[in-house]
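Undergrad: what follows is a predicted protein model with its sequence.
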Amino acid sequence: MKKIDININKYVDLEEIFALYGEYGDYIDKYIIYSICADNLGISFSEIRDYVNSAGLKLTEEEITIFLKDKEKEDNQDNTKEDNSNKSKSQIFADNFMKKLKASTYELNPTTLEYFNMYLGSLKQNAINLVNLVENIGNDEYKEIFDSLDIDIIGDKINYDDAIRLCKPIIYNVLKIRKMEKKANNKETYLTFSVSKEYLGRDGLSLSDICPPIGYQLMTYEAISEDGYIELTDKQKRNMIEKANEELSMTMDMLSELNYGDSKRLGYINKKRN
């Protein structure tokens, strides 16, 4: 998906409100978030919740299986019986292997449906959680959550930078839901796409490992600006680095104490031997 760029000046004249309100000029009404999301999604903000809740895998396992079997019959209609009389054993083995591989194309792995349901479920939950945040700007009961996300709110208004931080993951998640829903409900998808728990297990993975985590933010170095989540502020990034350094320092101190204790015990043992 392409990067989401938001020009806040299209929706509010920051210079004008800064001139009017001074330091409070950086704070905007939450309804501007509604307009930004609506422009990027083609639906009103009030429709986002209903769309997200209704999105999902509509195809059944039976429908997909019937489609795949019909497709197999159709593709095999023009295949004539092969003459193996002039083929070597290795050629026959290779041909049979390819036939089995092709046959697997027409088999539905139920894990694939689990994958789509879980993937869409995660996107939907994240989208709804973000919509709830926007709707509760100014609600004191959400103050602790906003503080933890380093979102600056005064009264019922939000800092425009934080408004953009909220808009981007909402837009991303809804667009991603549309894309994944279309893919999941296209029968042709199951001819070329399959998810197997067996293959995942070989790499030590589970379905949850290949689906988006549920949460407002991802507090990892690899995902400090991950699409679909509220981007970490510079303050949050510094705190994360400081916390990691503190944990590393504590670990080093513990190792140092262990090494000192081992050395002391070893010295005592050598002294006894002498």
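TA: Nice, thanks for sending it over. Numbers count the residues shown, from 1 in each chain.
Undergrad: the nearest residue to Ser44 once chain neighbours are set aside and Tyr31, how far apart?
TA: Leaving aside its sequence neighbours, Ser44 sits nearest to Ala38 (Cβ to Cβ, 6 or more residues apart in numbering; 5.2 Å). Where you see a C-beta, it was placed from the backbone N, CA and C, and this is true even at glycine. Distance from Ala38 to Tyr31, counting by Cβ to Cβ, to the nearest Å: 10 Å.
Undergrad: of the two, who's got more company?
TA: Ala38 (15 against 12; other Cβ atoms under 10 Å).
Undergrad: double-check that that one belongs to a helix.
TA: Yes: looking at Ala38 with DSSP: H, G, I helix; E, B strand; the rest coil, it is inside a helix.
Undergrad: per-residue pLDDT, it?
TA: Ala38 carries a pLDDT value of 97.
Undergrad: same check on Tyr11?
TA: Reading off the confidence values, Tyr11 has pLDDT 94.
Undergrad: let me see the contact set for it.
TA: Residues in contact with Tyr11, defined by Cβ atoms under 8 Å, 6 or more residues apart in numbering, are 32, 35-36.
Undergrad: a markdown table for these, including neighbour count?
TA: Output for those, formatted as a markdown table (neighbours: other Cβ atoms under 10 Å):
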| residue | neighbour count |
| --- | --- |
| Ile32 | 18 |
| Ser35 | 16 |
| Ile36 | 24 |
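Undergrad: dump the residues you listed to a markdown table, plus distance to Tyr115.
TA: Formatted as a markdown table, those follow (distance: Cβ to Cβ, whole Å):
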| residue | distance to Tyr115 |
| --- | --- |
| Ile32 | 37 |
| Ser35 | 35 |
| Ile36 | 32 |
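Undergrad: closest one to Asn259 out of the residues you listed, please.
TA: Ile36 (56.1 Å; Cβ to Cβ).
Undergrad: from Lys168, how far off is the closest one?
TA: Between Ile36 and Lys168 the computed distance is 9 Å (Cβ to Cβ).
Undergrad: what's the overlap in contacts for these two?
TA: Taking Cβ under 8 Å, 6+ apart as the criterion, Ile36 and Lys168 both touch Ile6.
Undergrad: Ser122: helix or strand, and which one exactly?
TA: Element membership for Ser122 (DSSP states H and E) is helix 110-135.
Undergrad: buried residues in the next helix or strand after that helix?
TA: Using DSSP H and E, the next helix or strand after helix 110-135 towards the C-terminus is helix 143-148. Across helix 143-148, burial judged by 16 or more other Cβ atoms under 10 Å covers Phe146.
Undergrad: restricting to C-alpha, output helix 143-148 in CSV.
TA: Only the C-alpha atoms of helix 143-148 are listed here, as CSV (Å, rounded to 0.1, in the frame of the first residue of the first chain):
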residue,chain,number,x,y,z
LYS,A,143,-7.0,10.4,29.7
GLU,A,144,-4.8,7.6,30.9
ILE,A,145,-4.8,6.0,27.5
PHE,A,146,-4.0,9.2,25.7
ASP,A,147,-1.2,9.9,28.1
SER,A,148,0.3,6.4,27.5
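Undergrad: C-terminal to it, what's the next element?
TA: Downstream of helix 143-148 (by DSSP H and E), the next one is strand 153-154.
Undergrad: in its sheet, what does that next one sit against?
TA: Sheet pairing of strand 153-154 (DSSP bridges) gives strand 157-159 (antiparallel).
Undergrad: quick one: low-confidence ranges for the chain?
TA: Applying pLDDT under 70 to the chain picks out residues 78-104, 221-225, 260-274.
Undergrad: ranges for the helices of it?
TA: With DSSP state H applied, the chain shows helices at 14-21, 31-41, 45-54, 61-76, 89-104, 110-135, 143-148, 160-184, 189-192, 197-202, 234-273, listed in chain order.
Undergrad: list of residues touching stretch 171-184?
TA: For stretch 171-184, the surrounding residues in contact (Cβ under 8 Å, 6+ apart) are 1, 4, 36-37, 40-41, 48, 51-52, 55-57, 59, 116, 119-120, 123-124, 126-127, 130, 189, 193, 227-228.
Undergrad: now the buried members of these.
TA: Of those, these count as buried by 16+ other Cβ under 10 Å: 4, 36-37, 40-41, 48, 51-52, 55-57, 59, 116, 119-120, 123-124, 126-127, 130, 189, 227-228.
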